[in-house]
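Asker: Sequence and computational prediction follow.
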Amino acid sequence: QVRLVESGGGSVQAGGSLRLSCVVYGYTYSSVCMGWFRQAPGKGREGVATIDSDGSTSYADSVKGRFAISKDNAKRTLYLQMNSLNPEDTAMYYCAADFCYAVAAGQGYRFWGQGTQVNVSS
């Protein structure tokens, strides 16, 4: 059974930093594409950053230069380092995973974590 477990959320003042983690259980980790998404109250889900099985990354324009996605294959863990946080970054953050061929085919991510809340105060 595939399970994604996020951690690392919390409350921080503007300009601060947080690092989110997402451990993947029950998956062939080496073939997995993963991503971080967020949803603020009253808004739709937004893609934040993605990382392919070969380590290639992509970012939303709103977080470029401030956030960094990475993974530790040995620990089966995905990370999101968030720096220079601002109140607009306040949201529930979710990690997602699926086989890269499925993501590339436009099928989206089948597996999602439960989310971790990030609150940034001004």
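Answerer: The structure has been received and is ready for your questions.

Asker: Give me the helices and strands touching the helix or strand where residue 4 lies, please.
Answerer: Residue 4 is part of strand 3-7, with elements assigned from DSSP states H and E. Judged by 3 or more CB pairs under 8 Å, 6 or more residues apart in numbering; DSSP states H and E, strand 3-7 is in contact with strand 18-25, strand 91-99. Heads up, the C-betas are built off the backbone N, CA and C, glycines and all.

Asker: Among those strands, show me which one is buried the most.
Answerer: Ranked by average neighbour count under the criterion mean count of other CB atoms under 10 Å, these are headed by strand 91-99 at a mean of 22.

Asker: which residues are in contact with whichever helix or strand comes after the strand holding residue 4?
Answerer: Downstream of strand 3-7, the next assigned helix or strand under DSSP H and E is strand 10-13. With CB atoms under 8 Å, 6 or more residues apart in numbering as the test, strand 10-13 has contacts from 18, 85, 117-122.

Asker: And the residue nearest the centre of the chain?
Answerer: In the chain, the residue lying closest to the centroid (CA atoms, centre = their mean) is residue 36, at 2.1 Å.

Asker: now that residue, nearest residue through space, not along the chain?
Answerer: residue 48 (4.4 Å; CB to CB, 6 or more residues apart in numbering).

Asker: hang on, isn't the one you found packed against residue 60?
Answerer: Yes - using CB atoms under 8 Å, residue 48 is in contact with residue 60, at 5.5 Å.

Asker: which residues touch the worst-scoring helix or strand of the chain on mean pLDDT?
Answerer: Sorted by mean pLDDT, DSSP states H and E, the helices and strands of the chain end with helix 100-104, the least confident at a mean of 88. Contact partners of helix 100-104, identified using CB under 8 Å, 6+ apart, comprise 31-33, 52-53, 108-110.

Asker: can I get the CA coordinates of it in PDB?
Answerer: Provided in PDB are the C-alpha atoms of helix 100-104 (Å, rounded to 0.1, in the frame of the first residue of the first chain):
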ATOM      1  CA  CYS A 100       6.900   9.100 -14.200                       C
ATOM      2  CA  TYR A 101       5.300   7.600 -17.300                       C
ATOM      3  CA  ALA A 102       1.900   8.300 -15.800                       C
ATOM      4  CA  VAL A 103       2.700  11.900 -14.900                       C
ATOM      5  CA  ALA A 104       4.200  12.500 -18.400                       C
END
